[in-house]
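> Predicted model follows, preceded by the sequence.
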Amino acid sequence: METINNMEILALQKMEKDVSQTVTSAVVKDIQNENLRGKLDIIKPTKPQKLQFSSNYKYANID
């Protein structure tokens, strides 16, 4: 069985840490983008709605 020296172990640990941080930051960025997209959908102007008035109002008799 091949032995791995300390430098190789340290290098592998650093690579593992870098990959973990990269994945974590990518996921965080993705979540932030999703949240931002959701907020932009709310802020996004919609077409002005025409108010529709109905002529058949029912009034209550107040005695």
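Perfect, I can see it now.
> Tell me which helix or strand Val19 sits in.
Here Val19 sits within helix 6-43, counting by DSSP states H and E.
> Relative to Leu10, how far out is Ile31?
32 Å (C-beta to C-beta, to the nearest Å). Every C-beta, even on glycine, is put in place using the N, C-alpha and C of the backbone.
> Leu12: what's it in contact with?
Ile4 (C-beta atoms under 8 Å, 6 or more residues apart in numbering).
> Where does the prediction get shaky in this protein?
Of all residues in the chain, those with pLDDT under 70 make up the ranges 1, 37-63.
> hmm, back to that, give the buried residues for the helix holding Val19.
Buried residues in helix 6-43, counted by 16 or more other C-beta atoms under 10 Å: none are found.
> list the contacts for Met15?
Met15 neighbours (C-beta under 8 Å, 6+ apart): none.
> Quick check: it vs Val28, distance?
20 Å.
> same thing with Ile4?
32 Å.
> Name the residues that touch stretch 17-32?
With C-beta under 8 Å, 6+ apart, stretch 17-32 has no contacts at all.
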